[in-house]
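Chemist: Sequence plus the predicted model coming up.
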Amino acid sequence: MKSLLKITALFTLLILIKENVIAQGCSDAGFCTIGNLAQQQTNDTKKQKFTLQLPAGIGDEEVFVFSPAIQYDNQVSKKWAVQAKLTANYANGNLGSAAGLGDVFLSGTYIFPNKKNDWNLSATIGSKLPLSQANLDSKGRSLPMQYQSSLGTIDLITGVALSNKKWQFAAGWQQPLSGINGNNFLPIYFNNNEAEKYIPSNDFNRKGDVLLRGLYKYSPGNRLRLNGGLLGIYHLGEDTYIDGNVSNKPIAIKGSDGLTLNASVAGWYSLSKKITLGLSAALPLVIRDVRPDGLTRSFVVSPEISWSF
């Protein structure tokens, strides 16, 4: 019980700190929660698991975002694990509200044989398949990316991870393959001061990301598992949009490339052999100047509940 109170206090402190930081995002395009790139909680002896994730947060211009997801994991064998995830999104802000399905993530992870059974090396390959073209609208006008349920692109995801009972190190790459999405937002279409604060995203073209993660795992008891560490995401180029009122050529969004570095913590508490509660949070330490993809969160809480069988 004392350990549970300590981790609850830690999460509360981190959340309070985040409320006073101009955060440019602990969120990403999806790959930091996929396969072996996700924060590892333990070597679960159960072969299959369903997880309900209920993250909620505040984005740019105080847009409220709720992004529930359902995830299925299956440890098919000692060498292979598969994962499937379905996301959705609801957003509400000063330009309107929007709700819709997000993406389907599919991945497979290969665990390399290890006779010494100390450090485990694994590789993940997967994809993100959009269920929206990032063109949700309000009163017939396309909303900015902060309101969209998906980035609207087909992405390739790859990664490698090295871990043992105490440590996890991971590196990943997520690359959009389908080019521009279907978003049509330009501030001029709204003709108000609020819209001018959002970054244009008509025919938005997002560049890829690379990820580096390092974390320490700690288990103070049989039921409680904790970890914490650093997560770095480097955006590989400047994103672009097209404004037909200016030119039909892509316009680069200055400051949209570069590094975001986050400190992250997570905890899981086993209610029983099958049911586990989890909570995660992160604090940005280094930020990019601009996040036109709408993934910025100045405040976010990510509770989850999983059922293993």
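Modeler: All right, it came through fine. This one's a predicted model, so the numbers in the text were calculated from it and none came from an experiment. Numbering: from 1, shown residues only.
Chemist: How many residues are close by Glu238?
Modeler: If you count neighbours by other C-beta atoms under 10 Å, Glu238 ends up with 18. In this view, the C-beta of every residue, glycine as well, is placed from N, C-alpha and C.
Chemist: same question, Pro250
Modeler: 16.
Chemist: Tell me the spacing between it and Leu162.
Modeler: Here Pro250 is placed at a distance of 38 Å from Leu162 (C-beta to C-beta, to the nearest Å).
Chemist: Would you map the strands across the stretch 51-200 of the chain?
Modeler: 56-58, 64-66, 69-74, 80-93, 96-111, 120-130, 137-138, 141-142, 155-163, 167-176 (DSSP state E, counting those that start in this stretch).
Chemist: Relative to Leu230, which of these is closest?
Modeler: Proximity to Leu230 (C-beta to C-beta) singles out strand 167-176 among the strands of the stretch 51-200 of the chain, at 10.5 Å.
Chemist: Measure how far the closest one is from the centre of its chain, please.
Modeler: 12 Å (C-alpha atoms, centre = their mean, to the nearest Å).
Chemist: What is it packed up against?
Modeler: strand 155-163, strand 209-218 (3 or more C-beta pairs under 8 Å, 6 or more residues apart in numbering; DSSP states H and E).
Chemist: quick check: angle from the first one to strand 167-176?
Modeler: Orientation of strand 155-163 against strand 167-176 (axes from the mean of the first three to the mean of the last three C-alpha atoms, to 10 degrees) gives an angle of 170 degrees.
Chemist: can you count the residues close to Ala123?
Modeler: Other residues within reach of Ala123, judged by other C-beta under 10 Å, total 15.
Chemist: Same question for Val246.
Modeler: Neighbours of Val246 (other C-beta under 10 Å): 10.
Chemist: Next one: Gly255 from Gly102, what distance?
Modeler: 26 Å.
Chemist: try Phe309
Modeler: Going from Phe309 to Gly102 by C-beta to C-beta gives 26 Å.
Chemist: neighbour-wise, which of these two wins?
Modeler: Gly102 (23 against 9).
Chemist: how would you label Leu230: helix, strand or coil?
Modeler: Each residue gets one of three states, and Leu230 gets strand by DSSP: H, G, I helix; E, B strand; the rest coil.
Chemist: Correct me if wrong: it contacts Tyr216.
Modeler: No - when contacts are counted by C-beta atoms under 8 Å, Leu230 is not listed as touching Tyr216 (10.1 Å).
Chemist: okay, these two: which has more neighbours?
Modeler: More crowded of Leu230 and Tyr216, by other C-beta under 10 Å: Leu230, with 14 against 11.
Chemist: Ignoring the adjacent residues along the chain, who's closest to that one?
Modeler: Excluding its sequence neighbours, the residue lying closest to Leu230 (C-beta to C-beta, 6 or more residues apart in numbering) is Gly214, at 5.5 Å.
Chemist: Can you get me a residue count around that neighbour?
Modeler: With other C-beta under 10 Å as criterion, Gly214 counts 13.
Chemist: wait, it sits on Phe169?
Modeler: Yes - with contact defined as C-beta under 8 Å, Gly214 reaches Phe169; the gap is 5.2 Å.
Chemist: what helix or strand does Ser247 sit in?
Modeler: Ser247 is part of no helix or strand when elements are defined by DSSP states H and E.
Chemist: Pop out the phi and psi values for it.
Modeler: In terms of degrees, to the nearest 10, the main-chain angles of Ser247 are phi -170, psi 160.
Chemist: how close does it sit to Asn202?
Modeler: Note on Ser247: its distance to Asn202, by C-beta to C-beta, is 12 Å.
Chemist: So between those two, which is more surrounded?
Modeler: When neighbours are counted by other C-beta under 10 Å, Ser247 and Asn202 differ, and Asn202 comes out ahead with 19 against 9.
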